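Colleague: Let me see the structure of the following:
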Amino acid sequence: MLLHDIAHARAGDKGDTSTLTVIPFNDDDYDWLVRELTAERVRAHLAGFVNGEVVRFELPRLCVLQFVCRSSLGGGVTTSLAVDTHGKGMSSRLLALEMGPRRPTLDPSWQP
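Modeller: You can find the predicted model right below:
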């Protein structure tokens, strides 16, 4: 299962920092994402694109995880020679992360 099967993402960029916000389609998947989608895992998945630290922020009341990725935009949108230096490209890369199976919830509408 890929991350995009259970969540969508929003992105922002400022200078050479990208913020990636992961929002599960179902709030019941939030706790599973907290356990599985670590800053280290995001950093490893985006290796080659993120050259700085990745810091994760948890927003449990919103069921959202936000990742701040430093040194990730080739110097920034206005200074990089890369084709796509916006955070939205980075969020698409993140959603391609292989997550593996998740445990079923008590929700009868749950599907693997």
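Colleague: so Cys63 makes contact with Val22?
Modeller: No - when contacts are counted by CB atoms under 8 Å, Cys63 is not listed as touching Val22 (9.8 Å). Any C-beta I mention is one placed from the backbone N, CA and C, and that applies to glycine too.
Colleague: And the two? Which one has more around it.
Modeller: Val22 (25 against 19; other CB atoms under 10 Å).
Colleague: So for the more buried one, what's the pLDDT?
Modeller: Listed pLDDT for Val22 reads 97.
Colleague: And the one 4 residues further on, by the same measure?
Modeller: At Asn26 the predicted local confidence, pLDDT, stands at 95.
Colleague: quick one, what contacts the nearest residue to Ala7 once chain neighbours are set aside?
Modeller: Distances taken as CB to CB, 6 or more residues apart in numbering put Pro24 closest to Ala7, at 4.7 Å, once the chain neighbours are dropped. Going by CB atoms under 8 Å, 6 or more residues apart in numbering, Pro24 touches 6-7, 30, 33, 63.
Colleague: ok, and the most crowded of these?
Modeller: Tallying neighbours with other CB under 10 Å puts Ala7 at the head of the contacts of Pro24, with 24 neighbours.
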